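> Turn this into a model:
(one chain, ligands or ions: 2)
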Amino acid sequence: MLHIEDLRVEISGKEILSNVNLHIPEGETHILFGPNGSGKTTLMHTIMGFSGYKVTRGRIVFKGEDITDLPINERARMGLGVSFQRPPTINGLSTRKMVEICATGGPVNVDQLAEQVHCTPFLTRDVNANLSGGEIKRSELLQLNAQRPDLVLLDEPESGVDLENIALLGESINNLLNRGIRRSAKSRHIGVGHTRKKSALVITHTGHILDYITADRGQVLNNGALQCSQNAREILKWIREYGYNECYKCAN
Ligand code: ADP
Ligand code: MG
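Ligands and ions are numbered 1, 2, ... in the order given. Here you go, the predicted structure:
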């Protein structure tokens with residue numbers, strides 16, 4: 001699904017990523033760990049194609065096609081979707097309208113999708129305007145549920161969400177990734193009836209999200225490169241116990 005080779009990325013002339021190699025097969029969920037400022041968001045935004053991230057070496061291959069130089073809208077059309085760590089407020093655009101715009105694969109039942117992720121009350125409000133941390137994250141998931149991307153990039157989905165709301169968020173993410181979904185007569189309309197799992201790259205700082213999703217693999221971003229590709233829960237255990245500095249020492 002996603003294949004990244006020897007990726008080097010600069011922001012304003014400064015090297016942020018030096019040598020990233022990443023391979024996410026179809027249907028797999030990979031977790032990306034790393035301390036603040038290590039370049040996690042940079043990697044995600046570069047995959048999605050946001051401006052300001054200059055690829056100076058290497059390439060990004062999605063579904064067998066080199067997308068390194070493709071504009072962001074074409075990447076989205078090919079099936080790449082992202083949820084932001086800190087999504088912006090969009091004044092003048094209602095959440096309902098935004099969800100309709102996101103439904104690039106055809107019309108969706110906005111009310112049903114909103115109900116699933118408990119977003120009904122703010123469909124009429126502007127995107128992210130005065131929403132709580134948890135509501136903003138659910139609104140992001142609502143948009144992704146309408147877009148139905150094949151590779152979902154989630155940047156710290158649990159940040160700013162209190163523990164009481166994290167279960168709801170975790171379940172919504174699990175549903176988005178087509179895991180643990182009950183089939184129903186309605187599934188055709190709400191886009192959860194696929195048997196094929198989506199691929200995902202999930203950035204997490206706290207690791208809470210790992211209680212709800214099945215991670216196939218985790219990796220740690222260190223000094224511009226990925227290291228320690230193994231079981232995500234194992235990595236989290238080590239980070240919690242020893243911190244990143246110790247964790248880096250056992251690079252393998
Ligand atoms: P993380 O998501 O791991 O916390 P980021 O990818 O957001 O890290 O940031 C990596 C580094 O790049 C940081 O030092 C950050 O300050 C820098 N950076 C990110 N965006 C910009 C930008 N637009 N201009 C200049 N530096 C940036
Ligand atoms: Mg970040």
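> where do the helices sit along this structure?
Taking DSSP state H as the criterion, the chain carries its helices at 40-48, 72-78, 95-102, 110-116, 133-147, 163-176, 187-190, 232-249.
> lowest-confidence stretch among these?
The minimum mean pLDDT among the helices of the chain belongs to helix 187-190 (a mean of 44).
> Nearest to L153 among the helices of the chain would be which one?
Among the helices of the chain, helix 40-48 comes nearest to L153, with 4.9 Å by CB to CB. Every residue, glycine included, has its C-beta placed from N, CA and C.
> what does that closest one contact?
With CB atoms under 8 Å, 6 or more residues apart in numbering as the test, helix 40-48 has contacts from 2, 4, 7, 9, 11, 16-17, 20, 32, 34, 52-53, 55, 60, 72, 75-76, 80, 82, 85, 153, 155, 201, 203, 221.
> How far does it sit from its chain's centre?
Its chain's C-alpha centre and that of helix 40-48 lie 10 Å apart, by CA atoms, centre = their mean, to the nearest Å.
> swap in stretch 239-252?
Distance of stretch 239-252 from the chain centroid (CA atoms, centre = their mean) equals 24 Å.
> circling back to that earlier point, quick check: which of the contacts of helix 40-48 are also close to ligand 1?
Residues shared between those and the neighbourhood of ligand 1 are I11, I16, G34, G52 [CB under 6 Å from any ligand atom].
> hang on, isn't the second one packed against L7?
No - I16 lies out of contact with L7 (CB atoms under 8 Å); the separation is 10.5 Å.
> So those two - more neighbours on which side?
Applying other CB atoms under 10 Å to I16 and L7 shows that L7 carries more neighbours, namely 24 against 19.
> related to what we said a few turns ago, which two of the ones next to ligand 1 among the contacts of helix 40-48 lie the greatest distance from each other?
Using CB to CB, the ones next to ligand 1 among the contacts of helix 40-48 reach their maximum pairwise distance at G34 and G52, which is 19.5 Å.
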